[in-house]
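Undergrad: Need a 3D model of the following:
(one chain, ligands or ions: 2)
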Amino acid sequence: MDTQPIRKWYTLAAADVTEALHSDAAQGLTQQEAERRLAKQGANQLAEQKRKPLYSVFVDQFKDFMVLILFIATLISYFLGEYLDAIAIIAIILINGILGFIQEAKAERSLQALKELASPMARVIRGGHISMIPASRLVPGDLVQLEAGDRIPADLRLLSANRLEVEESALTGESVPVGKNVKRLETAQASTVPLGDQKNLAFMGTMVTGGTGSGIVVATGMSTEIGKIAHLMNTAEEAETPLQLRLEQMGKILVVVALLLTIVVIAAGVWHGHELFTMFLAGVSLAVAAIPEGLPAIVTVALALGVQRMIRRNAIVRKLPSVETLGCASVICSDKTGTLTQNKMTVTQVWHSDSTYEVSGSGYAPEGAFHYLGKMVSPARDGALSQMIRIADRCNNARLTCEEQSTRNLLGMGKTSRFWQVVGDPTEGALKVLAAKALGGNTERSNQQGQRVEELPFDSDRKMMSIVEKGTDGVYSLLTKGAAEAMLARSTHILWKGELTPLSATLRHQVLEQTERMAGKALRVLGFAYKTLQGYRPGQPIGSLENNLVFVGLAGMIDPPREEVRPAINLCHQAGIKTVMITGDHKVTAEAIARQIGLTRGYGEVLEGRELDNMSDEQLAEYAERVTVYARVSPEHKLRIVRALQSQGHVVAMTGDGVNDAPAIKTSDIGIAMGITGTDVTKEAADLVLRDDNFATIVAAVEEGRNIYDNIRKFIRYLLASNVGEILVMFFAMLLGLPLPLVPIQILWVNLVTDGLPAMALGVDQAEKDTMYQKPRNKAENIFSRGLGWKIVSRGFLIGAMTLLAFWLTLKENPNDLVHAQTVAFVTLVMAQLIHVFDCRSQYSVFHRNVFENKYLVWAVLSSIVLVIGVVYMDALQPIFKTTDLNLRDWALILVAAGVPTFVAGIGGVLTSGRQRTSKEKRPAMRTVRPD
Ligand SMILES: Nc1ncnc2c1ncn2[C@@H]1O[C@H](COP(=O)(O)OP(=O)(O)OP(=O)(O)O)[C@@H](O)[C@H]1O
Ligand SMILES: [Ca+2]
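TA: Numbers count the residues shown, from 1 in each chain. Ligands and ions are numbered 1, 2, ... in the order given. Presented below is the predicted three-dimensional model:
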């Protein structure tokens, strides 16, 4: 397949396509052949937009208003003969540029890795085995299976189509799904059929909305239909988070404030007799001090690193802004099956004609026995049981596979162990295992009974699935399984003690009672029914067939809760987050599971889908506060539940896996898709994808979300308080008519070199202990709220005041040595900030946290200290930074002055947080929050 001739694949019969592509309609390509083609043909990807090259990331660091001002300052210094100043400013600009470059490149890299993680998968058959592979590895000739919710991974010629419907708006603009088939299209050689009419092809990028099918890949990557128009499509912009937008606005305001302050300081300085050039440089460095130009980059890095931590905990963020929203989640609505439970189902009981059979066995191994009243029975001798087993086995798309593994023990003796696994839907897998147990471990035998001619796939609205089978005698029959009450509603007869009996009200009641009894043991209960089809012709609409059924019996399967779920729900509880279970399962089953995982604590209410149907939106909104379990709901109900909760002011996280879940996922504040069982449609609609489908992962993501936001607040606090300190030192000195306490180059150094590393380290700080003991943050909350603004101003003021005091005391002692006093002021400022950085880790006080916990921070602070000592003591640097050696007395003064802002505030923090703690304990344990 070196080059693909442009072919009208739709004019060929399926078999001819398979042959032309040297493939096999049953086995697919071999793995080796697929790899060979991949190497030749290239990945199945649309050519990506060019990424920004690294050098341009670097150059961008210098395209900045502040840098421009600094360059002008450099030029002026140069022309005035101040060469050392000029060199120093250039060096500082460079160092700052390099730091910014490293940060940005790092953020870019981790966001790119994220994109690759979230890339689509395809279900492919190679060498007769089915597996999931990244869609990018598909090659022409590959066999691909399709299900509702799949994004079609390449251009396919369909080999089978079972009520397959595809929405092709990505390609044709037509949003009504098109029915697909496998029929070959006859056309005159010259004419072409429009894409929308090529019914036997399925195109890359379009979406399966219903049915199932399979096809052979005829084109990949840029040779697909969508690849041909790929350059026309505008790719989505990378969204900035609300916080980033707000910070941008704040940056603009700060520029204005900085300029005003600068003008005032220059004017005051000149008024007091300072040289104009000195004051100009001082003004420029002050402007640099006031503008937190490093902030946006550090926010991006903190978000990117936070996202990586989430990935490590199996949560993949698809949309960066949701990182912030996660921390605000006040309700988590979770699917039950697979998310709260393990999705490892085992049938433990079957029931018919008022007799209950216990089924034994372990795992998915097809060995086990049926017991009735403690005595072993043979299912083959029981007509109704046999019929039930037949339906369970035939109306089923799962497969049971076995892998043998040889191990040798220490003595070298070989031992072979077998691992049984289920491929497909776990509910169906459990039924396959049940059937295999009944058939004496023989998973193949029943296949000889008949031939499947049609399937009416399961969907979560009907809650059942049927197939039409042609028996060996040529008679067609319908085999159906599904939710017990749904099955009963469509049945008119029942197989009762071997007789075909009309389904009387009493018998109906008996079945329902038994269903509840089994559900009460947390079992998922499925019913089985059949009917013989008279006068059926293949291809006839099957929708009308699921009625007048003969009910046979029930099977109950356990699906144990995941172990991590109970602690995770407790954590939510503490964190003021309400957990809600949403399930298609029976009310009683749902309740039993809810009790097992500690979801209902005596006050939770259970609401069923049909009760919900009878409620107005207002009624539901009122109810939603109290409901903890929604049972027997359809995906459409989820949307109403999300809206109801949102109308109560909640920030709603909602999980989903199926196609129909997409609207609810989109509408919710945090849409969550399942990584394993989820369809492409839901993943694309989601903000967050769970790699392990696990509820506990959602809670972990919320925790990280809160932590990331807290960390952003920490370094904003640090950087801004530092800036306030720097400005105030200069501002007050000028107003008081003192000499310059800091020379411009020192201000630049503090701002662009010593501040950066500690701020970065705060971005990856550990969470404060009580992060998950607080109620969710209000989504509209200002970043400076909860005392942050006050802390910035007050600590900044203290830092500025103490620096000025140290300067003044030193100068008073030796009025002729200005350089000495300036050096003391410089080092005091640096040390005050490096001590203050530890205060920023806690919203209470510096004493609330272990100073050495954040290793990065400790290293950042140490290296900043080493740098400043170098600047102060190295002979070569002294003339550049206008510094001089310090003695022990100076250091004593510096450390006391530098410590005061943090320790005075710290003592205050200890006193007030003591009060806060006690008042918090009086709060009711469970509280959900509404923004007022
Ligand atoms: N493959 C199937 N064939 C027939 N009936 C099924 C099948 N799977 C589930 N059911 C029935 O449909 C009901 C609802 O299933 P649905 O898939 O909507 O719920 P779920 O997604 O498995 O549960 P949850 O919503 O908790 O994740 C089940 O309780 C079961 O009775
Ligand atoms: Ca589900």
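Undergrad: drop to CA atoms for contacts and neighbour counts, all remaining ones
TA: OK.
Undergrad: So which residues on the chain come close to ligand 1?
TA: Residues of the chain lying near ligand 1 by Cα under 6 Å from any ligand atom: 335-337, 427-428, 458, 460, 463-465, 481-483, 525-526, 582-586.
Undergrad: now with 5 Å?
TA: Residues of the chain lying near ligand 1 by Cα under 5 Å from any ligand atom: 335-337, 460, 463-465, 481-483, 526, 583-585.
Undergrad: quick one: low-confidence ranges for the stretch 301-450 of the chain?
TA: Scanning the stretch 301-450 of the chain for pLDDT under 70 picks out 410, 442-448.
Undergrad: So the residue in it that ligand 1 sits nearest to versus A685, what's the distance?
TA: Relative to ligand 1, the nearest point of the stretch 301-450 of the chain is K336 (3.4 Å; Cα to the nearest ligand atom). With distances taken as Cα to Cα, to the nearest Å, K336 is found 20 Å from A685.
Undergrad: higher neighbour count, these two?
TA: Remark: of K336 and A685, K336 carries more neighbours, 25 against 20, as counted by other Cα atoms under 10 Å.
Undergrad: Run a quick neighbour tally on the residue nearest to the more buried one when sequence neighbours are not counted.
TA: Using Cα to Cα, 6 or more residues apart in numbering and skipping the chain neighbours, the partner closest in space to K336 is T583 (5.5 Å). Neighbourhood size, T583 [other Cα under 10 Å]: 23.
Undergrad: Check D335 too.
TA: Neighbour tally, D335, other Cα under 10 Å: 23.
Undergrad: residue contacts, it?
TA: By Cα atoms under 8 Å, 6 or more residues apart in numbering, the contact list for D335 reads M581, I582, T583, T655, G656.
Undergrad: in its sheet, what does the helix or strand containing the fourth one sit against?
TA: In the assignment (DSSP states H and E), T655 maps to strand 652-656. Next to strand 652-656 in the sheet, as set by DSSP bridges, lie strand 331-335 (parallel), strand 670-674 (parallel).
Undergrad: Where do the helices of the stretch 601-750 of the chain begin and end?
TA: Assigned by DSSP state H, counting those that start in this stretch, the helices in the stretch 601-750 of the chain fall at 609-613, 617-624, 635-647, 662-667, 680-685, 695-735, 744-749.
Undergrad: any chance of those helices in TSV, with mean pLDDT too?
TA: Converted to TSV, the helices of the stretch 601-750 of the chain look like this (pLDDT from 0 to 100):
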stretch	mean pLDDT
helix 609-613	94
helix 617-624	93
helix 635-647	93
helix 662-667	90
helix 680-685	84
helix 695-735	93
helix 744-749	86
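Undergrad: can you put the ones you listed in JSON lines and add distance to R408?
TA: Converted to JSON lines, those look like this (distance: least, Cα to Cα, whole Å):
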{"stretch": "helix 609-613", "distance to R408": "54"}
{"stretch": "helix 617-624", "distance to R408": "58"}
{"stretch": "helix 635-647", "distance to R408": "50"}
{"stretch": "helix 662-667", "distance to R408": "49"}
{"stretch": "helix 680-685", "distance to R408": "42"}
{"stretch": "helix 695-735", "distance to R408": "37"}
{"stretch": "helix 744-749", "distance to R408": "65"}
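Undergrad: And the residue of the stretch 751-900 of the chain closest to ligand 1?
TA: P776 (25.9 Å).
Undergrad: Name the nearest residue to that residue, sequence neighbours excluded.
TA: P776's closest residue in space is C328 (Cα to Cα, 6+ apart), at 5.0 Å.
Undergrad: measure M388 to E33 for me?
TA: 43 Å.
Undergrad: So if I had to pick from the two, which one is more boxed in?
TA: Ranked by neighbour count (other Cα under 10 Å), M388 and E33 place M388 first, with 28 against 18.
Undergrad: and the more buried one, what does it touch?
TA: Going by Cα under 8 Å, 6+ apart, the list of residues near M388 reads F528, A529, V552, G553.
Undergrad: Most widely separated two among the residues you listed?
TA: A529 and G553 (7.5 Å; Cα to Cα).
Undergrad: And the two? Which one has more around it.
TA: Neighbours were counted for A529 and for G553 using other Cα under 10 Å; A529 has more, 31 against 28.
Undergrad: Name the next helix or strand downstream of the helix or strand containing the more buried one, please.
TA: Secondary structure from DSSP H and E places A529 in strand 524-533. Moving toward the C-terminus from strand 524-533, the next helix or strand (DSSP H and E) is strand 549-558.
Undergrad: Other residues contacting the following helix or strand past that following strand?
TA: Following strand 549-558 in sequence order, the next helix or strand is helix 565-574 (DSSP H and E). Outside helix 565-574, the residues that touch it by Cα under 8 Å, 6+ apart are 340, 578-579, 597-599, 695-696, 699, 772-774, 925-926.
Undergrad: switch to 7 Å and redo it
TA: For helix 565-574, contacts defined as Cα atoms under 7 Å, 6 or more residues apart in numbering pick out 340, 578-579, 597-599, 695-696, 699, 772-773, 925-926.
Undergrad: same thing with stretch 343-362?
TA: 337, 367-372, 426-427, 430-431, 434, 496-497, 552-559.
Undergrad: One more: stretch 266-283?
TA: Here stretch 266-283 has contacts from A73, T262, V265, M734, L735, G737, V743, P744, using Cα under 7 Å, 6+ apart.
Undergrad: quick one: contacts for the fifth one?
TA: In other words, L735. A268 are the contacts of L735 under Cα under 7 Å, 6+ apart.
Undergrad: ok, now how distant is it from ligand 1?
TA: Using Cα to the nearest ligand atom, to the nearest Å, L735 is found at 69 Å from ligand 1.
Undergrad: Could you report the neighbour count for K8?
TA: 13.
Undergrad: hang on, the earlier thing: which among the contacts of stretch 343-362 end up buried?
TA: The neighbour count (16 or more other Cα atoms under 10 Å) marks 337, 367-371, 426-427, 430-431, 434, 496, 552-559 as buried among those.
Undergrad: Which of the contacts of stretch 266-283 are buried, as a PyMOL select command?
TA: To isolate the buried members of the contacts of stretch 266-283 in PyMOL, using 16+ other Cα under 10 Å:
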select buried, resi 73+262+265+734+743+744
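Undergrad: which one of the contacts of stretch 266-283 sits closest to ligand 1?
TA: T262 (61.5 Å).
Undergrad: tell me the SS of the closest one?
TA: helix (DSSP: H, G, I helix; E, B strand; the rest coil).
Undergrad: Verify the stated contact: it with L286.
TA: Yes: if you go by Cα atoms under 7 Å, T262 and L286 touch, sitting 6.4 Å apart.
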